[in-house]
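K.L.:
Sequence unavailable; structure follows:
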């Protein structure tokens with residue numbers, strides 16, 4: 001068994017690496033600009049403030065997040081794509097530059113056009129607004145935004161025409177020569193195409209200074225003294241990044257949520273198993289009886305009732321209003337009164353959520369237990385035990401129970417990721433600050449560091465769950481062995 005556990009742990013390593021690659025790949029292609037999102041949440045202003053954010057602040061935040069590094073250790077693509085494209089700050093700009101590269105294939109000329117466009121934008125923003133040029137200045141800035149996203153000749157020509165018209169108004173005429181220079185670089189980009197580079201393969205190696213390595217392994221030294229500069233410690237050492245919403249460490253946000261979800265799940269699992277397993281055993285021992293039929297009917301009725309509906313009804317009828325005021329509708333415990341007072345407070349607030357968390361599991365788990373027990377009670381060794389005159393209690397609890405637990409162990413393996421995943425619906429309805437609520441809010445807000453940290457934890461706990469299940473198989477049934485026999 002020990003050799004098997006060691007072997008499985010070694011298998012976990014490449015599995016975890018594959019999961020980390022998939023998770024990081026999703027985070028890299030996820031929509032939105034995290035830097036703009038963080039600057040927006042920091043300033044508390046709308047999207048219009050993002051467009052006018054200080055460029056240096058944007059660059060500093062991008063460097064802090066490690067987004068100025070290449071994505072992976074290497075890249076394999078076409079010769080036309082340079083190895084410095086990741087240095088372009090804005091994601092939308094990079095995507096349009098990739099389109100221009102695919103169309104023209106001449107990065108030196110494309111780069112010259114892009115940086116001339118940025119220079120012209122700075123010049124335009126330095127023009128003082130007055131009553132004469134106000135409308136023209138707004139149109140010119142809109143045209144600049146269009147050029148950053150334009151790679152089609154028709155759209156580009158329209159934006160240049162808009163700029164040319166704007167440059168003939170008031171003080172904007174003073175920078176018309178800058179527009180002429182910009183148009184010249186664009187014409188050069190179109191006339192000096194090198195499309196053949198798109199068909200030449202190219203391999204680029206970036207080393208350890210890349211975003212994946214920083215995200216998973218970290219840039220801090222594994223041995224020796226840190227020099228004190230800001231670096232990422234990496235996922236393997238508990239640094240899951242920074243929340244885009246409030247710029248707190250993701251580990252802090254997750255810990256605050258996990259302790260509620262994990263604690264509630266432990267209690268819910270205990271209640272579920274301690275009720276469902278005896279029910280399944282007694283149903284199997286009394287197969288076809290009135291007790292079996294009544295319990296089966298009640299459990300399947302409970303299983304068919306949606307938890308969100310039951311939770312809503314409980315709040316309406318049991319949490320004040322026009323009916324009973326027995327329980328609080330929302331999770332707001334005051335945990336400052338000592339152990340016993342805190343226990344009573346939590347029991348009061350968690351009574352309804354725990355009912356919603358557990359009742360639907362009774363039917364499924366008890367049916368699995370009932371089926372496993374019926375299968376075992378039909379075995380030859382059970383009939384032999386009966387022939388020896390053993391009591392029904394001894395046969396059930398000593399001989400049949402262990403071998404009927406295999407389906408329950410299989411179900412138990414899925415509990416590990418669920419223990420931190422929480423119940424999104426229940427946590428939102430009762431305002432429980434657990435992983436389900438935090439995960440849902442992170443998805444809605446595109447707070448990807450939290451979303452992908454939860455994904456990684458779920459993958460790790462799934463692997464752990466399967467390992468624990470395999471070990472429990474061998475514990476409850478000695479006939480199961482994972483050792484190779486010659």
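P.N.:
Alright, I've got the coordinates. The structure presented is a predicted model; accordingly, all values stated were derived computationally and were not measured. Residues are numbered from 1 along each chain as shown.
K.L.:
where do the helices sit along the stretch 1-150 of the chain?
P.N.:
Secondary structure of the stretch 1-150 of the chain (DSSP state H, counting those that start in this stretch): helices located at 2-29, 34-43, 47-51, 55-64, 91-104, 107-125, 134-148.
K.L.:
Those into CSV, with extra columns for mean pLDDT and distance to residue 212?
P.N.:
Heads up, the C-betas are built off the backbone N, CA and C, glycines and all. Converted to CSV, the helices of the stretch 1-150 of the chain look like this (pLDDT from 0 to 100; distance: least, CB to CB, whole Å):
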stretch, mean pLDDT, distance to residue 212
helix 2-29, 83, 5
helix 34-43, 70, 16
helix 47-51, 38, 27
helix 55-64, 81, 17
helix 91-104, 92, 17
helix 107-125, 92, 24
helix 134-148, 91, 28
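K.L.:
Adding mean neighbour count, write those out as TSV.
P.N.:
As requested, these are exported to TSV (neighbours: other CB atoms under 10 Å):
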stretch	mean neighbour count
helix 2-29	13
helix 34-43	18
helix 47-51	11
helix 55-64	15
helix 91-104	17
helix 107-125	17
helix 134-148	17
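K.L.:
between the ones you listed, which one is nearest to residue 269?
P.N.:
Nearest to residue 269, of all the helices of the stretch 1-150 of the chain, is helix 2-29, at 23.5 Å by CB to CB.
K.L.:
name the helices or strands packed onto the closest one?
P.N.:
Judged by 3 or more CB pairs under 8 Å, 6 or more residues apart in numbering; DSSP states H and E, helix 2-29 is in contact with helix 211-216, helix 448-476.
K.L.:
in the stretch 251-400 of the chain, which spans are helices?
P.N.:
Using DSSP H, counting those that start in this stretch, helices in the stretch 251-400 of the chain cover 290-304, 307-318, 339-377, 380-387, 392-394.
K.L.:
ranking the ones you listed by burial, who's on top?
P.N.:
helix 339-377 (a mean of 18; mean count of other CB atoms under 10 Å).
K.L.:
Check the average confidence over it, would you?
P.N.:
Per-residue pLDDT over helix 339-377 has a mean of 85.
K.L.:
re earlier: make JSON lines from the helices of the stretch 251-400 of the chain and add distance to residue 120 to it.
P.N.:
Formatted as JSON lines, those follow (distance: least, CB to CB, whole Å):
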{"stretch": "helix 290-304", "distance to residue 120": "65"}
{"stretch": "helix 307-318", "distance to residue 120": "55"}
{"stretch": "helix 339-377", "distance to residue 120": "59"}
{"stretch": "helix 380-387", "distance to residue 120": "87"}
{"stretch": "helix 392-394", "distance to residue 120": "88"}
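K.L.:
tell me the most buried of the helices and strands packed on helix 2-29?
P.N.:
Mean neighbour count, computed with mean count of other CB under 10 Å, is highest for helix 211-216 among the helices and strands packed on helix 2-29, reaching a mean of 21.
K.L.:
Residues touching that helix, excluding its own?
P.N.:
Identification of contacts with helix 211-216 by CB atoms under 8 Å, 6 or more residues apart in numbering yields 20-21, 24, 27-28, 66-67, 69-73, 219, 231-232, 234-236, 241.
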